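S.K.: sharing a model prediction with you, sequence too.
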Amino acid sequence: MKHTTGIAGAYRMDATALSNAAGVNLGNLVFRHALRFIISDLDAFEPVTGPEYRDIVQSEKPDHVLVSCANWLGQTQRDEQFNLGRAEMVEAADCTVTAFGLGVQAPAMDAERPIRLGPNSIRLARALSERAPQLSVRDELTRRTLEASGITNAVVTGCPSNFINCDPDLGRRVAARAAHLAGRLTRWDEVRSAISEVTGGHVASGAVLKRQMAMLDETPAFYILQTPGLLPFVLGERTNITDLYRENNPFMGQSGRLSKALLSKVLHFGNVEAWLDFSRTCDLSFGMRIHGTMVPLQAGVPSVLVAHDSRTVGLAAAMGVPWISPEQFLTIHDAGPQAMLDAFAGQIEGYDAKRKVLAGVMKNLVEASGLRPHAELLRLV
């Protein structure tokens, strides 16, 4: 992936090219953008794709490699296949490799015991661990999982996207905004909502999606894409609505109504600054994507993650980001926007204090890797 804040020439790309440029998820741009506020000299590094990296290390020795990780440590055969290639690339680097935000992936909502990883996932984690004084991981479950495999230099930093807006009082300010809104927004049709894209990995995902699609039709809500599924539809292929949306259509028997709602209210962003700027126009944000939650939160908007697995629960808990389960979303949706604002207010109180601690951990990791922390990050320490 060659891009950080935005994809150059995104407006000229078709859906496939745009998705590939973002590493198959536009949320990856948010992670990369956040590094600008963590490392002071990020522009000294050259963004490269995986194939470009392989070519470079064959002919020259890099001085330092940065790796933007994700929930790579999964338990599927596909995870193992990808992690073999990733491990080989890391092992080819005879230098310091600073990794950010490595995480485990497990379907259970309440996973507490270490996840059993396959040999290639362990090999990747060990390769990263051996090439840096500290390894940034997303949550406690990831740290415990690595510790169970003998990797002891992992430190919990949360997601880098937590450091885009380094106002030390961000949580307090957003809480005040939520309190103000709670006094005047009583119906969903009064709320300009930013809804982050659904994920199909939970038994209640379909029910959540059905409620959200109805909101696009009935309220001033917008639906923010990250993954490729609906991109062809919004970029011109009007008949290409994926099965997940067709199967959870709240307008069955009403020809064209789902298409009209999607055409009116579905957005995507190839630039994080534009995404942040749009987000601040909204009253409230909720949905199943962590980056789709972090962008509006960093823009000062009350935001609630609909957490659907151990990864999203653990990440939200580590950062103090308000979250609810998919089942709770259904109940809160029926109760109205004040219930959502109450869910936010009940959890945001400790956000600033947690972020201060995580910022200190991140600062130490950056310095231990021989890099200079960005002045914005230091505001939080």
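M.R.: Noted; the coordinates are in hand. Numbering: from 1, shown residues only.
S.K.: apart from its neighbours in sequence, what residue is nearest P160?
M.R.: A34 (3.8 Å; C-beta to C-beta, 6 or more residues apart in numbering). Heads up, the C-betas are built off the backbone N, CA and C, glycines and all.
S.K.: contact partners for the one you found?
M.R.: Under the criterion of C-beta atoms under 8 Å, 6 or more residues apart in numbering, the neighbours of A34 are 159-164.
S.K.: what secondary structure does it sit in?
M.R.: helix (DSSP: H, G, I helix; E, B strand; the rest coil).
S.K.: how far away is it from G103?
M.R.: 15 Å (C-beta to C-beta, to the nearest Å).
S.K.: over to A214?
M.R.: A214 is 32 Å from G103, by C-beta to C-beta.
S.K.: who has more neighbours out of the two?
M.R.: Under the criterion of other C-beta atoms under 10 Å, the comparison of A214 against G103 puts G103 first, with 25 against 18.
S.K.: need phi/psi at the more buried one.
M.R.: Phi and psi for G103, reported as degrees, to the nearest 10, are phi -140, psi 160.
S.K.: list the residues that contact it.
M.R.: G103 neighbours (C-beta under 8 Å, 6+ apart): 69-73, 137-139, 142, 311, 314-315.
S.K.: and of those residues, the nearest to T293?
M.R.: L315 (9.8 Å; C-beta to C-beta).
S.K.: quick one on the thing from earlier: by neighbours, which of the contacts of A34 wins?
M.R.: For the contacts of A34, neighbours tallied by other C-beta under 10 Å; top is N162, 29 neighbours.
S.K.: okay, now the closest residue to A127 other than its chain neighbours: neighbour count?
M.R.: Nearest non-adjacent residue to A127, counting by C-beta to C-beta, 6+ apart: V90, 4.1 Å away. V90 has 22 neighbours, counted by other C-beta under 10 Å.
S.K.: what does the pLDDT read for A106?
M.R.: Here the pLDDT value assigned to A106 is 75.
S.K.: would you mark the buried spots in stretch 216-236?
M.R.: 216-217, 219, 221-234 (16 or more other C-beta atoms under 10 Å).
S.K.: tell me the mean pLDDT over that stretch?
M.R.: For stretch 216-236, the mean per-residue pLDDT is 96.
S.K.: start and end of it, how far apart?
M.R.: 19 Å (C-alpha to C-alpha, to the nearest Å).
S.K.: next one: stretch 18-26
M.R.: 9 Å.
S.K.: what residue is smack in the middle of the protein?
M.R.: Geometric centre of the chain, nearest residue: H291, 2.8 Å, by C-alpha atoms, centre = their mean.
S.K.: which SS class is that residue?
M.R.: Going by three-state DSSP, the state assigned to H291 is helix.
S.K.: contacts only, for it.
M.R.: 27-28, 30-31, 159, 161, 196, 226.
S.K.: how close does it get to T281?
M.R.: H291 sits 18 Å away from T281, going by C-beta to C-beta.
S.K.: on that earlier part again, tell me the one of the contacts of H291 nearest G336?
M.R.: Distances from G336 to the contacts of H291, taken by C-beta to C-beta, are shortest for S196, at 19.8 Å.
S.K.: what separates the closest one from G74, distance-wise?
M.R.: 21 Å.
S.K.: the more surrounded of those two?
M.R.: Neighbour count, other C-beta under 10 Å: between S196 and G74, S196 has more, with 26 against 21.
S.K.: wait, isn't that one in contact with Q226?
M.R.: Yes: assessed by C-beta atoms under 8 Å, S196 is found in contact with Q226 at 7.4 Å.
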